[in-house]
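Participant: sharing a model prediction with you, sequence too.
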Amino acid sequence: HGTAAVVLAALINACHMAEVAPRTLRIGQIGLGAAGLAIARGIMHYTEEPVYGADRTDAAVKRLAAAGGIPSGLEEILRTCDVVISTTGQPGLIKPEQIRPGQIIFALSNPRPEIDATEALNAGARIAEGGAAINNLLCYPGACRGLLDAGARRSHPDIFRAASEALVRVTEPGHLLPNPLDRAVHQTVARAVARATTAAGLATRDLDADYFAEE
């Protein structure tokens, strides 16, 4: 879920840079393991539009369909989707000749991505980034701090959406994500998560106005 929150923030910022709305784009997720399925769910929760998904296992694709996604295949996603997100763990899975001009490509497997970001850009992608930059270290420790401060015993999709939107707020124009070494980034995420936890009725502690003063 932390990875999904950071991916959603990067997607929102990429759309700002491309001057398009996320919900107007056809979005594909390749690889539907724990991270991939969480990413697809997070994007669908935000856009209220289905995500196209592909995986080697039928069970993973069925889980996506049950969550409101649309089963697809690797080649179809690369051929038809405006945004391609990949979390397969298979280096070199995406070939340069499969990139369409103008696509947004997030190849997130570490340490070797499905396609190198520079290679994707050279092949015509408008925006491309890998898992070293789009990494859940931007969501944690802030999300954990906010949940602990609010005394939450469970989470909710709105809480991680709040983390995504907090990351968007502190990202400098023209960048996909903020600097993970900036403590203020994590403090902003913590306060946003605590506020969302309270709004969702999941907080067991009352946080005073001073807690949110610098949000």
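Facilitator: Sure thing, it's come through. Numbering: from 1, shown residues only.
Participant: and the strands in this protein?
Facilitator: For the chain, applying DSSP state E gives strands covering 27-30, 52-54, 70-71, 83-86, 104-107, 127-130.
Participant: mean neighbour count and distance to residue 207 added to the ones you listed, as CSV?
Facilitator: For glycine as for every other residue, the C-beta is placed from the backbone atoms N, C-alpha and C. Listed next are these as CSV, based on neighbours: other Cβ atoms under 10 Å; distance: least, Cβ to Cβ, whole Å:
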stretch, mean neighbour count, distance to residue 207
strand 27-30, 27, 35
strand 52-54, 24, 37
strand 70-71, 16, 40
strand 83-86, 27, 34
strand 104-107, 28, 34
strand 127-130, 23, 34
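Participant: and of the ones you listed, who's closest to residue 169?
Facilitator: The closest of the strands of the chain to residue 169 is strand 127-130. By Cβ to Cβ, the value is 19.3 Å.
Participant: and for that closest one, what's in contact with it?
Facilitator: 10, 14, 17-18, 104-108, 110, 113, 115-118, 120-121, 176 (Cβ atoms under 8 Å, 6 or more residues apart in numbering).
Participant: flag the shaky bits of the protein, pLDDT-wise.
Facilitator: Per-residue confidence for the chain (pLDDT under 70) gives these ranges: 214-215.
Participant: all helices of it, in order?
Facilitator: Secondary structure of the chain (DSSP state H): helices located at 2-18, 34-47, 58-66, 74-80, 117-122, 142-150, 157-169, 183-199.
Participant: I'd like the distance from the third one to the chain centre, please.
Facilitator: On the basis of Cα atoms, centre = their mean, to the nearest Å, helix 58-66 is displaced by 19 Å from the centre of the chain it belongs to.
Participant: what residues of stretch 198-209 count as buried?
Facilitator: Going by neighbour count (16 or more other Cβ atoms under 10 Å), the buried part of stretch 198-209 is 198, 200, 202-203, 207.
Participant: list just the nearest of these to residue 184.
Facilitator: Using Cβ to Cβ, residue 207 is the member of the buried residues of stretch 198-209 that sits closest to residue 184, with 18.5 Å.
Participant: OK, contacts around that closest one?
Facilitator: Contacts of residue 207 (Cβ under 8 Å, 6+ apart): 149-150, 194, 198.
Participant: mind putting these in CSV, distance to residue 5 included?
Facilitator: Written out in CSV, the entries for these read as follows (distance: Cβ to Cβ, whole Å):
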residue, distance to residue 5
149, 17
150, 16
194, 15
198, 18
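Participant: most neighbours, which of those residues?
Facilitator: residue 194 (28 neighbours; other Cβ atoms under 10 Å).
Participant: and the gap between that residue and residue 144?
Facilitator: Residue 194 is 11 Å from residue 144, where distance means Cβ to Cβ, to the nearest Å.
Participant: which residues touch the residue lying closest to residue 65 once chain neighbours are set aside?
Facilitator: Nearest residue to residue 65 in three dimensions, chain neighbours excluded: residue 71, at 5.6 Å (Cβ to Cβ, 6 or more residues apart in numbering). Neighbour list for residue 71: 52-54, 61, 64-65 [criterion: Cβ under 8 Å, 6+ apart].
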